[in-house]
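**Student:** missing the sequence, but the structure's below:
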């Protein structure tokens, strides 16, 4: 297979040696799976797995105007992030369409780090650069400075802390630490619905850290399991469930939008919130056989009422699950629908979030 | 899950779309090759055709799905379905574990057994795989 101009993470050789199946993803050559998506998925739900997410981008925002600038571009109330805190928000265009969804970490008084989706990194940078001109702030592309490892699962913290000799921050916080004598960031965030730590580390030491984590029993995982894990807990994937044509209200992300901050797109978001939207993103489960896939039509009483934006087999629930935009009056949990899976109508039911809940 | 090692038994005939046929007189059993199941990953769903349905050589007769992908299954030979592997409904992973045994997909009454002459022997199929890499 001719694969041209794909970027490789610092862990590429580890993936190849480890027998990972490598595929093109957003311009990168990334592991989609090691031994199997189901095994990796289960390891994260019950133990600990590690994902190479070094393809994700990082942007540093620094200066006296950093807070005012971020309030202008990010949907959430950035003033609420204390030093060492983390926050989820979306980046909207003037029409309220979602350009990206991202985590912001406050590293210091007027220093923030934003983690972008790799496919959007360049366009995010351009967007942030454009709006930054009105503020006393510097926006830096620091993607090359970091490799990113997401260690996720109920045992992730208790393995990472002693293995790497670091004190870990609580959930939704970030701590500056030293790993292998190099400065690093440990973040109490993730994309799996499990407790865990995301490490932003010097690319040079990433291969050694990867090996140390595997030696400590952490299971190497590919992006396939990352996708099934996030879909089970209804985390959005930009490009599928979020696009510049959809606003955060219809996507169910009104909780991370604080229109009073006057962010770009806030007028449109406020209008959508007040007036309601024609469609809403709804999670669903297939009842019986069939696996929904992105692009499958969603039907109610024979009429098309929406389309699947993310669909997969759920390793935890052992059924087909998905999310899709459907007519708002048919988006309530419990509503019976059908998914047209390549011509076969599969009965399904709109469900509440998350599709998978941890047993306690 | 215990996965089978790469193998391409000599007694089977192979279709270049990564399907195998075990021909016994004017009947045959079909399945997908080790390479096909390995490319697909863990099989989680098999949607069998109806018994009595007609299958045509080189045309899709059903689908196998893994967590991430859907793959058409191509008929290596033409005929009428006489049996489907119903055990796969509850245990589709047998396609990965034992692609030439318990992971068989359908049995077919062949309409033109002479078609088998166009299929590949195991050695030729192995060559096809290594030249594609």
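**Tutor:** Structure's in. What do you need? This structure is a prediction, so every number in the text was calculated from the model and none was measured.
**Student:** in contact with the most centrally placed residue in chain B, which residues?
**Tutor:** What sits nearest the mean C-alpha location of chain B, by C-alpha atoms, centre = their mean, is residue B:31, with 1.9 Å. Neighbour list for residue B:31: B:19, B:20, B:95, B:99, B:100, B:103, B:104, B:105 [criterion: C-beta atoms under 8 Å, 6 or more residues apart in numbering or on different chains]. Quick note: C-beta positions are derived from backbone N, CA and C, even for glycine.
**Student:** which among those count as buried?
**Tutor:** Restricting the contacts of residue B:31 to buried positions leaves B:19, B:20, B:95, B:99, B:100, B:103, B:104, B:105, with burial counted as 16 or more other C-beta atoms under 10 Å in any protein chain shown.
**Student:** could you dump those to a markdown table with distance to residue A:236?
**Tutor:** Listed next are these as a markdown table, based on distance: C-beta to C-beta, whole Å:
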| residue | distance to residue A:236 |
| --- | --- |
| B:19 | 38 |
| B:20 | 41 |
| B:95 | 32 |
| B:99 | 37 |
| B:100 | 42 |
| B:103 | 36 |
| B:104 | 41 |
| B:105 | 37 |
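**Student:** nearest to chain A among those residues?
**Tutor:** Distance to chain A across these (C-beta to the nearest C-beta) is lowest for residue B:95, with 13.1 Å.
**Student:** quick check: the closest one touching residue B:33?
**Tutor:** No - at 10.6 Å, residue B:95 and residue B:33 do not qualify as touching, with contact defined as C-beta atoms under 8 Å.
**Student:** burial measure for residue A:265, as a count.
**Tutor:** Residues within reach of residue A:265, counting by other C-beta atoms under 10 Å in any protein chain shown, total 24.
**Student:** I misspoke; the intended subject was residue B:115.
**Tutor:** 21.
**Student:** where exactly do the helices run in the stretch 151-300 of chain A?
**Tutor:** For the stretch 151-300 of chain A, helices defined by DSSP state H, counting those that start in this stretch occupy the ranges A:156-164, A:206-215, A:223-232, A:266-275.
**Student:** show me the buried ones among the contacts of residue B:31 that map onto helices.
**Tutor:** Applying DSSP state H to these, the entries found in helices are residue B:95.
**Student:** interface residues of the stretch 151-300 of chain A facing chain B?
**Tutor:** A:224, A:227, A:228, A:289, A:290, A:291, A:293 (C-beta under 8 Å from any C-beta of the partner chain).
**Student:** of those residues, just the buried ones, ChimeraX syntax please.
**Tutor:** The ChimeraX selection below is limited to those of these classed as buried (16+ other C-beta under 10 Å):
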select /A:224,227,228,290,291,293
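**Student:** list just the nearest of the residues of the stretch 151-300 of chain A next to chain B to residue A:93.
**Tutor:** Taking C-beta to C-beta as the measure, residue A:93 sits nearest to residue A:227 out of those, at 25.7 Å.
**Student:** residue of the stretch 1-150 of chain A nearest chain B, please.
**Tutor:** Going by C-beta to the nearest C-beta, chain B is nearest to residue A:37 of the stretch 1-150 of chain A, at 4.4 Å.
**Student:** how many residues are close by that residue?
**Tutor:** Summarising burial for residue A:37: neighbours were counted as other C-beta under 10 Å, giving 29.
**Student:** residues touching it, list them.
**Tutor:** Per C-beta under 8 Å, 6+ apart, neighbours of residue A:37: A:222, A:224, A:225, A:228, A:315, B:41, B:42, B:66, B:67, B:68.
**Student:** for the longest helix along chain B, which positions count as buried?
**Tutor:** When chain B is parsed with DSSP H, its longest helix is helix B:122-132. Going by neighbour count (16+ other C-beta under 10 Å), the buried part of helix B:122-132 is B:122, B:125, B:129.
**Student:** tell me the pLDDT at residue 98?
**Tutor:** You didn't pick a chain, so chain A it is. pLDDT recorded at residue A:98 is 98.
**Student:** please refer instead to chain B.
**Tutor:** Looking at residue B:98, the pLDDT reads 96.
**Student:** swap in the one 10 residues further on?
**Tutor:** Among the per-residue scores, residue B:108 holds a pLDDT of 98.
**Student:** which SS class is it?
**Tutor:** The three-state label given to residue B:108 by DSSP: H, G, I helix; E, B strand; the rest coil is strand.
**Student:** please name the bridge partners of it.
**Tutor:** residue B:28, residue B:81 (DSSP bridges).
**Student:** residue B:82 is in contact with that one, correct?
**Tutor:** Yes - the pair residue B:108 / residue B:82 is scored as a contact, 6.5 Å apart, by C-beta under 8 Å.
**Student:** comparing those two, which residue is more hemmed in?
**Tutor:** residue B:108 (27 against 13).
**Student:** contacts only, for that one.
**Tutor:** B:27, B:28, B:29, B:30, B:55, B:75, B:77, B:79, B:80, B:81, B:82.
**Student:** gap between residue B:36 and chain A?
**Tutor:** 14 Å (C-beta to the nearest C-beta, to the nearest Å).
**Student:** so, low pLDDT: which residues of the chain?
**Tutor:** If you meant another chain, say so; for now it's chain A. Low-confidence regions of chain A, defined here as pLDDT under 70, cover residues A:1-4, A:360.
**Student:** oops, wrong one, chain B.
**Tutor:** Where chain B drops to pLDDT under 70, the residues are B:1-4, B:133.
**Student:** circling back to that earlier point, deepest of the helices of the stretch 151-300 of chain A, which one?
**Tutor:** Of all those, helix A:223-232 has the most neighbours on average by mean count of other C-beta atoms under 10 Å in any protein chain shown, namely a mean of 25.
**Student:** what's that helix in contact with?
**Tutor:** A:25, A:30-33, A:37, A:40-41, A:44-45, A:49, A:51, A:53, A:150, A:152, A:191-194, A:237, A:310, A:312-317, A:321-323, A:354-356, B:41, B:67-68.
**Student:** looking at the residues you listed, which are in helices?
**Tutor:** Among the contacts of helix A:223-232, the residues falling in helices (DSSP H) are A:37, A:40, A:41, A:44, A:45.
**Student:** coming back round to it: which one (most neighbours) among the contacts of residue A:37?
**Tutor:** Neighbour counts for these peak at residue A:225, which has 31 neighbours (criterion: other C-beta under 10 Å).
**Student:** one step back: closest to residue A:265 out of the contacts of residue B:108?
**Tutor:** For the contacts of residue B:108, the minimum distance to residue A:265 (C-beta to C-beta) is 52.8 Å, reached by residue B:75.
**Student:** so that closest one touches residue B:19, yeah?
**Tutor:** Yes - applying C-beta under 8 Å, one finds residue B:75 in contact with residue B:19, separated by 7.4 Å.
**Student:** how about the strands in the stretch 251-360 of chain A?
**Tutor:** A:279-286, A:297-300, A:303-314, A:319-327, A:336-341, A:344-350 (DSSP state E, counting those that start in this stretch).
**Student:** okay, domains of chain A per the record?
**Tutor:** A:12-54+A:146-232, A:57-143, A:278-360 (automatic domain parsing).
**Student:** can you redo these as JSON lines with distance to residue B:48?
**Tutor:** Shown next, in JSON lines, are the domains of chain A (distance: least, C-beta to C-beta, whole Å):
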{"stretch": "domain A:12-54+A:146-232", "distance to residue B:48": "22"}
{"stretch": "domain A:57-143", "distance to residue B:48": "38"}
{"stretch": "domain A:278-360", "distance to residue B:48": "11"}
